[in-house]
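Peer 1: would you be able to build a 3D model of this:
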Amino acid sequence: MMSAKNAIPNISQAQAADLVKRRYALSPSEVHCLPSWDDQNLHLVTLDGGHFVLKIMNSKANKNPAMTEVQTYAMNFLQEKGLPTQKVLKTITGQVMFLEDIDCGHGLQKFLVRLLTYLPGIQIAKAPLSPELLHDLGQTAARMDLVLKEMEHPQLSALQRDDFKWNLSNFLLLEEHMNVLDGHPLQAGVRTVLHQYKTYVGPKYSAFRKCVIHGDLTHLNVLVEKDESQAYKLSGIIDFGDMSLGYFVHELAISIMHTMLARPNPMEVGGAILAGWESVLPLNQAERDCLFWLVLARFCQSVVLCMQILTVQPENEVYVMHSAKNDRLILQQLLDLGKERVEEVWFQAAADFSRQKSEMK
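Peer 2: Now for the predicted structure:
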């Protein structure tokens, strides 16, 4: 049986350059590694000054190529509709993705490979987060999901993903890994969120609006760059590997939660993102009532699943724990403040921001 470690690609710069020459007729002059969880991403600069990202999927993706096919189609679909996503390029034989036999030190293995356009900018986690930028994030996230709702593809059902632990619809799968919190001070808090999800959120799911979601709109997967006025503007959304059939409110909860990790005062995040989201897609009452618990559910997923991943991938500690840097502290802060107080802050801030935007028009 292949180990989780062996499933992760780790090709050399020379291998990457050769692959791109053969498959795309491009000549890289520079190859740089980009951060990744369990795939391999490489930034290529060609002799003529072109910039691309070579994405090599972990070998587990071979088991469900239909899902990768839909994700690939979605990126191109969004890009054609004016969203700031990468475009997947075709090989010299017209393929948007292909299986390649690669030796990463464990013998030849098959890996799914794609070449994508390179988006400029820095991760939003590294930029100062103005209310205007947060509003832009919420607005773009809602626009993206509305466009994805229009998308048609024969393999769309591959995004159902009932066993995917990072899918917020599958939050209760977290109970399988609660042993990693044995003796941890957050164990009681996570159990509280699990209980509230079962008893309060679960019964309201029938009122949530369904859609296809990006599912991983984190502070590491949103890019920003400066405009003419030197203010940061959203420039890219990357990494569609967690796409799933889900709910609009899940996308909003995920974007709020992960952006809180990038802010010195996390409570300031929710209101501006919410205002941007509702400028495109106002929440219904059930979605509004459950937003707090869904944000906390995502925090719990980050805490528990990152700890679980480290038990099997200790060598990936730097990247994994960077992704979950402040989640424990913020989760405890939200639990201490409680649903009523946090909702008061978020929804009042959203109302104030929307009013200010309206008065400026």
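Peer 1: what about the spatially most central residue of the chain, distance to Lys126?
Peer 2: In the chain, the C-alpha nearest the mean C-alpha coordinate belongs to Asp216, at 1.7 Å (Cα atoms, centre = their mean). Separation of Asp216 from Lys126 (Cβ to Cβ, to the nearest Å) stands at 18 Å. The way it works is simple: take the backbone N, C-alpha and C, and place the C-beta from them, glycine included.
Peer 1: which helices and strands does the longest helix along the chain pack with?
Peer 2: Longest helix in the chain, counting residues (DSSP state H): helix 285-312. Helices and strands touching helix 285-312, by 3 or more Cβ pairs under 8 Å, 6 or more residues apart in numbering; DSSP states H and E, are helix 187-196, helix 248-260, helix 317-323, helix 327-337, helix 339-360.
Peer 1: hey, which of the ones you listed is tucked in deepest?
Peer 2: Compared across these, helix 248-260 shows the largest average neighbour count, a mean of 27 (mean count of other Cβ atoms under 10 Å).
Peer 1: coming back round to it: quick check: the residue nearest to the centre of the chain touching Leu168?
Peer 2: No: at 10.6 Å, Asp216 does not count as touching Leu168 under the criterion of Cβ atoms under 8 Å.
Peer 1: any idea which of the helices and strands packed on helix 285-312 gets closest to Gly107?
Peer 2: helix 317-323 (25.3 Å; Cβ to Cβ).
Peer 1: spell out the secondary structure type for His184.
Peer 2: Here His184 is recorded as coil under DSSP: H, G, I helix; E, B strand; the rest coil.
Peer 1: list the residues that contact it.
Peer 2: Listed by Cβ atoms under 8 Å, 6 or more residues apart in numbering, the contact set of His184 is empty.
Peer 1: picking up where we left off before, joint contacts of Asp216 and Leu168?
Peer 2: With Cβ under 8 Å, 6+ apart as the test, Asp216 and Leu168 both reach Ile254.
Peer 1: domain map for the chain?
Peer 2: 4-117, 122-360 (automatic domain parsing).
Peer 1: may I see the buried residues of the top strand by length along the chain?
Peer 2: Within the chain, and with DSSP state E defining each element, the longest strand by residue count is strand 108-117. Buried positions in strand 108-117, judged by neighbour count with 16 or more other Cβ atoms under 10 Å: Gln109, Phe111, Leu112, Val113, Arg114, Leu115, Leu116, Thr117.
Peer 1: now that strand: average pLDDT?
Peer 2: Averaging pLDDT along strand 108-117 yields 92.
Peer 1: contacts for it?
Peer 2: Taking Cβ under 8 Å, 6+ apart as the rule, strand 108-117 contacts 2, 6, 9, 19-20, 23-24, 51-59, 61-62, 65, 68, 72, 75, 86-89, 91, 96-103.
Peer 1: from the residues you listed, list the buried ones, please.
Peer 2: Going by neighbour count (16+ other Cβ under 10 Å), the contacts of strand 108-117 have 6, 9, 19-20, 23-24, 52-59, 61, 65, 68, 72, 75, 86, 88-89, 91, 96-97, 100, 102 buried.
Peer 1: tell me which of those residues fall in helices.
Peer 2: Per DSSP H, the subset of these in helices is Asn6, Leu19, Val20, Arg23, Tyr24, Pro65, Thr68, Thr72, Met75.
Peer 1: ok, now how distant is the fifth one from Phe98?
Peer 2: The gap separating Tyr24 from Phe98 is 11 Å, by Cβ to Cβ.
Peer 1: now do the shared contacts for these two.
Peer 2: Common neighbours of Tyr24 and Phe98 (Cβ under 8 Å, 6+ apart) are Thr91.
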